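K.L.:
build me a structure from this.
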Amino acid sequence: MKIMSVGVLIVAAGIATPCLAQPAGAAIVDRYLVLDRARQAAGATGADVDHVLSLMSDSVVYEHPRANARLQGKATLRDGMLRYIGSMRSMRDSIIQRASAPGVEVVVTETHAEALRDGKWTPFSRRALRVFELDGPVIRRIIEYGW
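P.N.:
Below is the predicted model:
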């Protein structure tokens, strides 16, 4: 069994792993989560989107199997992110569980926010399991399971 598979199984089984010092991959993912939240907030600009994208490789891949989505490349992701700019408010998220292995970070997040739908702010909450594959200091692939 590969180490990456073990990391995914640990999170899927609901077992938290102790972490004495945050690995570099964890710091990159934490920074991504903060910047991604900022680019969705009211008042966000294209610069906020560019800050998120600065953490990704040029050929980054984003996949959301439940939505049957697969996007590749910074330009494609930028176009998609710009469509949702400023679409959230009162956003709070937290990492519920995390597992790390060389080149991969797996996090389970819980998000509470209000989304703009049909001209009204509607509260929602969701949990998502996200797998981040890293290539040194950049994210090369994100797979998001959640809704």
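K.L.:
need the residues that contact the longest helix seen in the chain.
P.N.:
For the chain, the helix that runs over the most residues, judged by DSSP state H, is helix 24-40. By C-beta atoms under 8 Å, 6 or more residues apart in numbering, the surrounding residues in contact with helix 24-40 are 19, 22, 44, 48-49, 51-52, 55, 81, 84-88, 91, 93, 95, 98, 100, 103-105, 107, 109, 132, 134, 137-139. C-beta coordinates here come from the backbone N, C-alpha and C atoms, glycine included.
K.L.:
try it again with 7 Å
P.N.:
Here helix 24-40 makes contact (C-beta atoms under 7 Å, 6 or more residues apart in numbering) with 44, 48-49, 51-52, 55, 81, 84-85, 87-88, 91, 93, 98, 100, 105, 107, 132, 134, 137, 139.
K.L.:
one more: stretch 76-89?
P.N.:
For stretch 76-89, contacts defined as C-beta under 7 Å, 6+ apart pick out 39-44, 46, 49, 52-53, 60, 62, 71, 113-116, 121.
K.L.:
try it again at 6 Å.
P.N.:
Under the contact criterion C-beta atoms under 6 Å, 6 or more residues apart in numbering, stretch 76-89 has outside partners 40, 42, 44, 49, 53, 62, 71, 113, 114, 115, 116.
K.L.:
ok, now stretch 109-121?
P.N.:
Counting by C-beta under 6 Å, 6+ apart, 87-96, 122-128 sit against stretch 109-121.
K.L.:
list the contacts for the residue lying closest to residue 64 once chain neighbours are set aside?
P.N.:
Spatial nearest neighbour of residue 64, excluding adjacent residues (C-beta to C-beta, 6 or more residues apart in numbering): residue 144 at 4.9 Å. Taking C-beta under 6 Å, 6+ apart, we find residue 144 in contact with 64, 128, 130.
K.L.:
so residue 144 belongs to a strand, correct?
P.N.:
Yes: counting by DSSP: H, G, I helix; E, B strand; the rest coil, residue 144 is located in a strand.
K.L.:
quick check: which ranges of the chain have low pLDDT?
P.N.:
1-23, 147 (pLDDT under 70).
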